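Trainee: mind folding the following:
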Amino acid sequence: MTPTPAPTETEGVDKDAIIASLVEETRKLQATVSNLQQKIAHGESFDTTFEGSIYSRNLVTNGREIPQMGMPAKHVARVIENAHVCDFNPLLNTSSYVNVTSEDEEKAVALAGAQINIADASVYPASIQLHNVTVNMIANLWHAPEPPEGHDYVGAGTVGSTEACLLAGLAHKFRWRKWYATKHDMTDTEAVRPNLVISSAYQAAWEKLFRYFDVEAKIVKPNLLHDKMAINAKDLVAQVDEKTIAVLLTVTFLDSGILGNHYNGNYDPIWDINDEIGMLNAKKGWQVGVHVDAASGGFIAPFQEMSGKGTPPFDFRLPNVLSISASGHKFGESICGTGWIVFRQREDLADHVATTVTYLGGSSDSLTLNFSRPASGPYVQYYKLLRLGKEGYMQKVENQMAITAYLRDFLRNLSHPNGQKRFQILDGGDIHCLPVVSARLNPELGLHYDDKDFQHALSESHWYVSGYSLGFENPATFEFEDLFTDVDQATTMFRVVVKSNLSMGLAMNLTKVMRDTLIVLDSLDDGYESMKARMLALNAKKQVLTELPKVQVKEGKRMKALANTVMFKLHMERKKAERSNLSGYMVSQHAC
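Mentor: As a prediction, this is how the structure comes out:
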């Protein structure tokens, strides 16, 4: 009999399992070595420049997850600075109303405020007092009625004027609901939906009120060419009504006037609206109030008046004005998002939005939607009010209006080579208006480019103006409609906001760039229409090259399938362009 061989050491051992285990161990070791190398490089990066660190060549985040390891503070700051470099130069941005200049001392004040949660009055009583003093100064600027002795004016600093508008809307809504319930012997919880009568040139803040707080929008459209977007008081008040539909009623609780609309800076005639509302209330026995949305005009109109170039009274001197809101970060000159709301009185108005908190070690009153918030806004606004004073604000506004007049005169006097005027001025002029120039390319010229194209071409020289078409989504119907009564939604225009940083020297450069840009646009064979078509074709070609590797079909069908896909998309893009008269396409900055 043949003897059975003795078993070897490897017999019965799963070689594949051993190999897999070794591979896994190797992978772990490699990961450990890589991690150690990263830590070494990370440690070395603390002692070198950004350019000499690993962060210069590597992405610091994948855009979705927090990085595994932290970075040196100086390198994090550099990463953020590098990102900001890709933005437009804010000093050449005339599209926005937001202030972009500050002093070193102001930045230090903002930083100090950022570390303070102003909601906690028991810990930061001095900061609360500074906030209240700021409200007092602004309320006094707007001629609010003198509060009872020993009390402050009624108002609050907010994160921005949107929050201020929402607070005003809620206070008026609850005031109306209480009045309406008493008048109709109802409880204030019964289903009655109020509305707000407002110009179609409203700020976006009011759309939030309509959507978030169940308020119907009753839109009144002004005209563009004759009244320059200022609403007619009689047209506005004509929408105020009380209609009963079963248990649901449509009742107006608030009229809103805009002190400087964002399209062209023109003021609504608050003084006329006040008179019309007063007569209507007396006739109907209602208590409709007026809110003044002074997001931009709240820190312009008072100083125009002080210099003898202002409007009739627009503020609390008018008896039906119950609340005023404004942005501190626009012409209030704050460098951080800041809003202000001031109420005529606390009783049956601000009381409706006031809350008291006692769990922070004391009793804290709040008139804001946001509870926790930094003190930066009140701090910086207080700084600016003390830094400039009334005289400083007056001089600043006069400077802005003078530069605005220079730009307006330039546009008004500029002629096309055929002798016709280049532009049609659409703003309110030197009075009853913000420091804003609004215009449109003269439609009689029949140009092959529009105001949006003008905006894009100007950006080639780093100037950014705001070009837009005159349509809006009606919040009551959700239909896209004409913004004004006398021009359709395809009409375009542009505006230049003259902020405090826009000096006469910069304004002269802007006019030169405008003149040069128009010469280039005129010289194009088919203008932007052909350029847009070329861009569509170029994008289609790029799409073909991108999609080729992804399509898993036979060679004979591949090109046909791609062509059909691209042709269909291109067709839809062209149809979309035709519907909007080609006004909605942005042109690459390298196109002109």
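
Trainee: from now on I want contacts and neighbour counts done on CA atoms only, so please keep to that.
Mentor: Noted.

Trainee: list the buried residues for stretch 66-77?
Mentor: By neighbour count, with 16 or more other Cα atoms under 10 Å as the criterion, the buried positions of stretch 66-77 are His75.

Trainee: can you give me the end-to-end distance of it?
Mentor: For stretch 66-77, the first-to-last residue distance is 16 Å (Cα to Cα, to the nearest Å).

Trainee: do stretch 259-271 as well
Mentor: Start-to-end, stretch 259-271 (Cα to Cα) is 11 Å.

Trainee: now stretch 49-59
Mentor: Across stretch 49-59, first to last residue, Cα to Cα, it's 16 Å.

Trainee: this structure: helices as residue ranges?
Mentor: 15-45, 73-85, 104-114, 125-141, 161-183, 204-212, 233-237, 270-284, 301-306, 376-413, 451-458, 504-523, 527-547, 555-579 (DSSP state H).

Trainee: what about stretch 477-494, how long is it end to end?
Mentor: Stretch 477-494 end-to-end distance (Cα to Cα) = 27 Å.

Trainee: tell me which residues of it come out buried.
Mentor: Neighbour-count burial for stretch 477-494 [16+ other Cα under 10 Å]: 482-484, 489-494.

Trainee: what's the closest of the helices of the chain to Pro312?
Mentor: helix 270-284 (6.7 Å; Cα to Cα).

Trainee: please name every helix or strand in contact with the closest one.
Mentor: Counting contacts by 3 or more Cα pairs under 8 Å, 6 or more residues apart in numbering; DSSP states H and E, helix 270-284 is packed against helix 233-237, strand 248-258, strand 289-293.

Trainee: and the residue nearest to Asp152 when sequence neighbours are not counted, how many neighbours does it have?
Mentor: Excluding the flanking residues, the one nearest Asp152 by Cα to Cα, 6 or more residues apart in numbering is Asn136, at 6.4 Å. Applying other Cα atoms under 10 Å, we find 22 residues neighbouring Asn136.

Trainee: correct me, but Asn136 touches Pro147?
Mentor: No. Look at Asn136 against Pro147 with Cα atoms under 8 Å: they stay out of range, at 9.8 Å.

Trainee: can you give me the strands in the stretch 301-450 of the chain?
Mentor: Applying DSSP state E, counting those that start in this stretch to the stretch 301-450 of the chain gives strands spanning 321-327, 339-343, 355-357, 364-366, 423-425, 436-441.

Trainee: contacts for the fifth one?
Mentor: I take that to be strand 423-425. 408, 411-412, 414, 437-442 (Cα atoms under 8 Å, 6 or more residues apart in numbering).

Trainee: what lines up beside it in the sheet?
Mentor: strand 436-441 (antiparallel) (DSSP bridges).

Trainee: tilt between the partner strand and helix 376-413?
Mentor: 40 degrees (axes from the mean of the first three to the mean of the last three Cα atoms, to 10 degrees).

Trainee: may I have strand 436-441 as PDB, with CA atoms only?
Mentor: Taking C-alpha atoms only, strand 436-441 is exported to PDB below (Å, rounded to 0.1, in the frame of the first residue of the first chain):
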ATOM      1  CA  VAL A 436     -30.400 107.500 -10.000                       C
ATOM      2  CA  VAL A 437     -30.200 107.900 -13.800                       C
ATOM      3  CA  SER A 438     -32.600 105.700 -15.800                       C
ATOM      4  CA  ALA A 439     -32.900 105.700 -19.500                       C
ATOM      5  CA  ARG A 440     -33.400 103.500 -22.600                       C
ATOM      6  CA  LEU A 441     -31.900 103.400 -26.000                       C
END
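
Trainee: identify the residues contacting that strand?
Mentor: Counting by Cα under 8 Å, 6+ apart, 263-265, 404, 407-408, 411, 422-427, 450-451, 492-498 sit against strand 436-441.

Trainee: quick one: low-confidence ranges for the protein?
Mentor: 1-13, 39-46, 191, 241-257, 359-363, 525-592 (pLDDT under 70).

Trainee: let's go with 80 and repeat that
Mentor: 1-14, 34-47, 188-191, 227-228, 230-232, 236-237, 241-260, 310, 357-365, 525-592 (pLDDT under 80).

Trainee: so Glu473 sits against Glu479, correct?
Mentor: Yes. In this structure, Glu473 is within contact of Glu479 by Cα under 8 Å, at 5.4 Å.

Trainee: overlap in contacts of the two?
Mentor: With Cα under 8 Å, 6+ apart as the test, Glu473 and Glu479 reach no residue in common.

Trainee: Arg412 and Ile258, how far apart?
Mentor: 26 Å.

Trainee: higher neighbour count, those two?
Mentor: Neighbour comparison, Arg412 and Ile258: the larger count goes to Ile258, with 26 against 15 (by other Cα under 10 Å).

Trainee: so what's the more buried one closest to, chain neighbours aside?
Mentor: Asp293 (4.8 Å).

Trainee: what's across from that neighbour in the sheet?
Mentor: Where Asp293 sits in a bridge, its partners, by DSSP bridges, are Ile258, Ser325.

Trainee: distance of it relative to Ala164?
Mentor: 9 Å.

Trainee: repeat that for Ala439.
Mentor: Ala439 is 30 Å from Ala164, by Cα to Cα.

Trainee: which of these two has more neighbours?
Mentor: Just comparing Ala439 and Ala164: by other Cα under 10 Å the higher neighbour count belongs to Ala164, 30 against 22.

Trainee: residue contacts, the more buried one?
Mentor: 157-158, 325-326, 339-341, 368.

Trainee: would TSV of those with distance to Gly467 and neighbour count be doable?
Mentor: Converted to TSV, the contacts of Ala164 look like this (distance: Cα to Cα, whole Å; neighbours: other Cα atoms under 10 Å):
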residue	distance to Gly467	neighbour count
Gly157	32	27
Thr158	29	29
Ser325	27	32
Ala326	24	30
Gly339	26	27
Trp340	29	29
Ile341	30	30
Thr368	34	22
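
Trainee: pick the one among those closest to Glu391.
Mentor: For the contacts of Ala164, the nearest to Glu391 is Ala326 (20.1 Å; Cα to Cα).

Trainee: how near is that closest one to Lys218?
Mentor: Distance from Ala326 to Lys218, by Cα to Cα: 22 Å.

Trainee: and the residue nearest to Leu280 when sequence neighbours are not counted, how many neighbours?
Mentor: Leaving aside its chain neighbours, Leu280 sits nearest to Trp286 (7.6 Å; criterion: Cα to Cα, 6+ apart). When neighbours are counted by other Cα under 10 Å, Trp286 registers 19.

Trainee: before we move on, what about Ile273?
Mentor: Neighbours around Ile273, by other Cα under 10 Å: 25.

Trainee: excluding residues flanking it in the chain, which one is nearest it?
Mentor: That would be Ala233: by Cα to Cα, 6+ apart, it lies 4.8 Å from Ile273.

Trainee: you'd agree the one you found is up against Pro269?
Mentor: Yes. With contact defined as Cα under 8 Å, Ala233 and Pro269 form a contacting pair (7.0 Å).

Trainee: mind checking how far the residue lying closest to Leu367 once chain neighbours are set aside is from Ala168?
Mentor: Here the nearest residue to Leu367 in space, its sequence neighbours aside, is Ala354; by Cα to Cα, 6+ apart that works out to 4.7 Å. As judged by Cα to Cα, Ala354 and Ala168 stand 12 Å apart.

Trainee: tell me which of these two has more neighbours.
Mentor: Ala168 (27 against 15).

Trainee: isn't the more buried one right next to His291, touching?
Mentor: Yes. Checked against Cα under 8 Å, the pair Ala168 and His291 is within contact range at 7.3 Å.

Trainee: overlap in contacts of these two?
Mentor: With Cα under 8 Å, 6+ apart, Ala168 and His291 have common neighbours 323-325.

Trainee: in the sheet, who's paired with Leu196?
Mentor: The partner residues for Leu196, given DSSP bridges, come to Ala217, Leu254.
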